[in-house]
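Student: Sequence and predicted structure below; questions after.
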Amino acid sequence: MRLSALALGTTLALGTAAGLAQAAPLDNEPLAARSVAPAAAAAPAAWAAGTRAYLVITAPGDTTAVRNAVAANGGSVFSSFDAIGVIVAHSTSASFAATMRGVAGVQKVGATRTSDVPSDAYNPALPANPAQAAAPTTEPVRSDMTQIKADQAWAVNQGSATVKVGILDTGVDDQHQDLAPNFNAADSVSCAYGKPDTRVGAWRDVDTHGTHVAGTVAAAKNGKGAIGVAPGVKISSVRIAEPGTTLFFAENTICGLVWAGDHGFKVTNNSYYTDPWQFNCPNDLDQAAILEGVGRAQAYAEGKGSLQVAAAGNSNVDLANKTTDTSSPNDSTPVTRTLTNDCLDIPAELPGVVTVAANGTSGTSKASFSNYGKDVIEVSAPGESVYSTAPGGKYATLSGTSMASPHVAGVAALLASANPAYTPADIRAKLGEQATDLACPADARCTGTTAKNSFFGEGRVDALKAVGSSTPPAGAYFENLTDVAIPDNTTVESAITVSGVTGNAPATLKVGVDIKHTYIGDLKVDLVAPDGSVYSLHNRTGSGTDNILQTYTVNASSEVANGVWKLRVSDNATADTGKIDAWNLTF
C-alpha cells in the first residue's frame, strides 16, 4: 500500500515508509470524442498471465489506424481516449513496446507498470458498501478550519450546489452521513485499470483515504461529526486506486482527468502520485510516455474548465533540487536512481496544477514530512492531525500533504461558487493572491520572501477572502441545524430563539438558508419575525433547480431582535419533497 497519510495516535500506518513518501494517496453519456474504445476494439474476454499495460500516444482525433496496429502487433486495446490521442493497450509480448514505437503515427509508447495487470481488470469486483455507524451528536469546529477561516466563510457562503468537485482517490463512501447530502452519484465512476466503470457503487472506497479527503472538501454542515471547507458544494468520487495495492497507475489517472473534464468538475483533488514511479523522467522511454499521457489529460481537463489541486508529497524533499529516488518502482523491486529536475512528481508538478504543501498543527510551520521547493509549491494548508470522515460512518485523524490538498480544493470550490465565471487560471491566481503570507522559519532550506517562499509558496489559503470578505459578518449569530421534512403541498416551520441582542434587528439582517429539495420552483420561503411580520425570501422561482443554499439580506430594522424567529417553507406542488437542512441569522 502506498498512501501518504498516518493514523495518528495508533500503531496503524496507512502506508509504508516509502508510501509516506508522497501524497496519498453518473450519467452514462460517452466521453467527448469517443474517449472509450468502441466495442470492436474492446479488450479480450479473458485475462492472460503476463499481461502488461502500455500507453500508446498518437495524434488526438481519429485513432483508428493506431488502434488497429495495436491488435496487429500482439496487443489489444483496453480503452482509448481519442480526444487526447492516448490508447491504453494490453499485451503479453515483451517486444510489444519496441514494435509499436516503429509504427507510423505512433509518437510514444511506454509501459505503465513493472507488474502484471491484475485479472480483476477484466471483471472488476464492486467495492464493499460498509454498514454505517451511528451518527455523532456534535459537530465541533476544528482548528484546521479556523486556521484558514473556513468557519467565518460559512457565515457568508458555504458553497454552491452547482459547483462539482471531483475526488480522484481510493473512492468515497457515499453512504456516510456527512457525505451523502453532498454526494453526486451521477458523475461518479471507477477509473481503476484505465477504463470508466459506471456501475452503481464502483466508485466506493477500497481503503480509507478517499473518504477522508472528501470530508475535508465538503462534509455537510449538519450537526454531525465534521464540516468540510465548502459544505454546500457537490462531490463526485472518481476512484483511480486499484483494490489490494491501492496504487494509482497512469492509465487510471488519465481516465480520471478526462472524466473530470467531460463531466464539468470545476475542481479536482489529487492526493497521490502516479505510480509506480515517484518521479517520471523524460529520458526513460516508458516514463516519457507516462509524462505525455498524463500531461495531455490534465491539459484536456483544464481546457474544459477544471482546476486540478494536488498534494506536494511527504518525503521532506526539495522538489526544486531533486537528487535521488530510492522508492521506485513501487509495484515491484525499487532501485536507486539519480534524478534531475526534469523528473517530475505527477500530477503535482504538471503545468496548471496547484501544488500544495502541508502546514503543521500551529498553522504557521511546515509539517515535518511535507515536500517543499521554490517556485514549485503554490500554497499551503493544514495537513497534520486532520479529523475527517472515514468509511462506515466513522471518522479518523490523519496527516499528510494528502490532507492539506483537500483544504485548498475546498477553498477553490468556494472561489468558484462566489465567482461562477472564473476560469481555472483565475482560481489558481486568486488562491495565491488571497493567501496569508507565512515567513520562513529559522531553517536554511526555506528560501525566498515572506510573500513567496519554498516552504509555503504564496502562503496559507484563506477561505474567508475566497467568498469575498476580509471580515466575518458583524453581529450575533444564531443557527438551527435540526432537519425539518418538507412534504408535498405542506407548510412547515423551523424556529430560532434570539436573545441577548440589544434593540432592533439591523437593516441588513443576514438570513442563511440551506434547504435540500428537488424542483425549488415548488417552494415559497419566508422569514417570520417575532411579531408575526413576514419577509419573503424565495417565491417559487428556480424551476427544476435542486436545493436552496443562499444568504439573504433583509431590512428588519422595524423588528425587535430578541424573540422567536421562524423560517416558513411552503411546498406548493406534488412529486418533489425535501427538508430544511439548516438556517441561521446574523444580526
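Tutor: Thanks, I have the structure now. Residues are numbered from 1 along each chain as shown.

Student: ok, which stretches of the stretch 1-150 of the chain are helices?
Tutor: Applying DSSP state H, counting those that start in this stretch to the stretch 1-150 of the chain gives helices spanning 64-72, 96-100, 143-147, 150-153.

Student: Is it possible to get TSV of the ones you listed that adds mean pLDDT?
Tutor: What follows is the helices of the stretch 1-150 of the chain, written out as TSV (pLDDT from 0 to 100):
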stretch	mean pLDDT
helix 64-72	97
helix 96-100	98
helix 143-147	96
helix 150-153	94
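
Student: With respect to residue 523, which of these lies nearest?
Tutor: Ranking the helices of the stretch 1-150 of the chain by proximity to residue 523 (Cβ to Cβ) places helix 150-153 first, at 25.7 Å. Using the backbone N, CA and C atoms, a C-beta is placed for each residue, glycine as well.

Student: Now do the closest residue to residue 319 other than its chain neighbours against residue 326, distance only.
Tutor: Excluding the flanking residues, the one nearest residue 319 by Cβ to Cβ, 6 or more residues apart in numbering is residue 373, at 3.4 Å. According to Cβ to Cβ, to the nearest Å, residue 373 and residue 326 sit 19 Å apart.

Student: neighbour count winner among these two?
Tutor: Each of residue 373 and residue 326 has its neighbours counted (other Cβ atoms under 10 Å); residue 373 has more, 24 against 12.

Student: where does the more buried one land on pLDDT?
Tutor: You'll see residue 373 listed with a pLDDT of 98.

Student: now the one 4 residues further on
Tutor: What the model reports for residue 377 is a pLDDT of 98.

Student: How about residue 39?
Tutor: 32.

Student: what does residue 551 give?
Tutor: pLDDT at residue 551 comes out at 85.

Student: Could you do residue 483 as well?
Tutor: pLDDT, residue 483: 88.

Student: Next up, phi/psi of residue 438, please.
Tutor: phi -130, psi 120 (degrees, to the nearest 10).

Student: so who does the closest residue to residue 60 other than its chain neighbours touch?
Tutor: What sits nearest to residue 60 in space, not counting adjacent residues and going by Cβ to Cβ, 6+ apart, is residue 85, at 4.0 Å. Residues in contact with residue 85 (Cβ atoms under 8 Å, 6 or more residues apart in numbering) are 57, 58, 59, 60, 61, 63, 107, 296.

Student: out of those residues, who has the most neighbours?
Tutor: Busiest of those [other Cβ under 10 Å] is residue 63, holding 28 neighbours.

Student: any idea where the helices of the stretch 351-500 of the chain begin and end?
Tutor: According to DSSP H, counting those that start in this stretch, the helices that the stretch 351-500 of the chain contains are 401-418, 424-433, 463-466.

Student: that older thread, any chance of the contacts of residue 85 in CSV with pLDDT and distance to residue 149 as columns?
Tutor: Output for the contacts of residue 85, formatted as CSV (pLDDT from 0 to 100; distance: Cβ to Cβ, whole Å):
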residue, pLDDT, distance to residue 149
57, 98, 44
58, 98, 47
59, 98, 47
60, 98, 42
61, 96, 46
63, 96, 47
107, 98, 47
296, 98, 37
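
Student: OK, contacts around the residue lying closest to residue 511 once chain neighbours are set aside?
Tutor: Of all residues not flanking residue 511 in the chain, residue 552 sits nearest, at 4.5 Å (Cβ to Cβ, 6+ apart). Residue 552 makes contact with 510, 511, 512, 513, 527, 537, according to Cβ under 8 Å, 6+ apart.

Student: Of those residues, grab the buried ones for PyMOL.
Tutor: Applying 16 or more other Cβ atoms under 10 Å to the contacts of residue 552, the buried members can be selected in PyMOL as follows:
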select buried, resi 510+511+512+513+527+537
